[in-house]
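Chemist: Pasted the sequence and its predicted model underneath.
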2 protein chains.
Amino acid sequence: MPSQETMKAAMQAYIDAFNSGDPAAVVALYAADATVEDPVGSPLKRGHAEIGAFYTHSIATGAKLSLDAPIRGSHGNCAAMAFSARIGPVTVRVIDIMTFDEAGKFTSMKAYFGPGDILQG
Amino acid sequence: MPSQETMKAAMQAYIDAFNSGDPAAVVALYAADATVEDPVGSPLKRGHAEIGAFYTHSIATGAKLSLDAPIRGSHGNCAAMAFSARIGPVTVRVIDIMTFDEAGKFTSMKAYFGPGDILQG
């Protein structure tokens, strides 16, 4: 499995690519057959085309992500981070869990937030 | 599935029961056949007996838990929280993911932290 440092660097690269407004750079962090469940409880997006469409839309909202606490690794092939997404006056409090392949690409992403984690103003 | 409020209250009750030094109160938050993977990448503990032994040991270390950011819900039957466990001079940065049954009990817990998330002094 990838090193803790590799996984955490990929998590940080995800934040940075999102905030720089570059959907292709976000998608490049994912394995070809990866899945995205964002939010958890919604239908899966699978593969670069669906995932790319999702991030093109998400980034176009103007959302910016900032970590709420340091990224966590694991004793397996996954990592976790708590962050806030700010979209104009709206803040969404999220925790993302990513799993990784041997190459250090995301094989899955799950974004945990509920209706009550979307704050106005 | 349980309400967002029910799930978040159970997450907070977990923190409070742990910090009050009451393993039985922690175990009572779990369904009878629940699983615990703490840390993620280690063997599962399953059922109240194994889970109880784990928390009896964990609480006996003197560890105290404090949230690093507000608890997150989801659009499904799960919730997430980032917290730090302080054990004497050691801090462990953790993200927990819990899934829930209809009664609002935990059916699974996964604790994400790696060797690099254990900080000395």
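Modeler: In hand now; what should we look at? Numbering: from 1, shown residues only, chains lettered A, B, ... in the order given.
Chemist: what about stretch A:5-15, average pLDDT?
Modeler: For stretch A:5-15, the mean per-residue pLDDT is 98.
Chemist: what do you get for stretch A:76-96?
Modeler: Computed over stretch A:76-96, the mean pLDDT rounds to 97.
Chemist: ok, now which ones touch the residue nearest to A:Val27 when sequence neighbours are not counted?
Modeler: The shortest distance from A:Val27 to any non-neighbouring residue, by CB to CB, 6 or more residues apart in numbering or on different chains, is to A:Gly52 (4.6 Å). Heads up, the C-betas are built off the backbone N, CA and C, glycines and all. By CB atoms under 8 Å, 6 or more residues apart in numbering or on different chains, the contact list for A:Gly52 reads A:23-24, A:27.
Chemist: Just the buried ones from those?
Modeler: Neighbour-count burial (16 or more other CB atoms under 10 Å in any protein chain shown) applied to these gives A:23, A:27.
Chemist: in which helix or strand would I find the residue nearest to A:Val27?
Modeler: Element membership for A:Gly52, per DSSP states H and E: helix A:47-60.
Chemist: Downstream of that helix, the next helix or strand is which one?
Modeler: Downstream of helix A:47-60, the next assigned helix or strand under DSSP H and E is strand A:64-67.
Chemist: Can you tell me which residues in chain A are near chain B?
Modeler: A:4-5, A:8, A:39-42, A:68-70, A:72-82, A:93-95, A:97, A:112-117 (CB under 8 Å from any CB of the partner chain).
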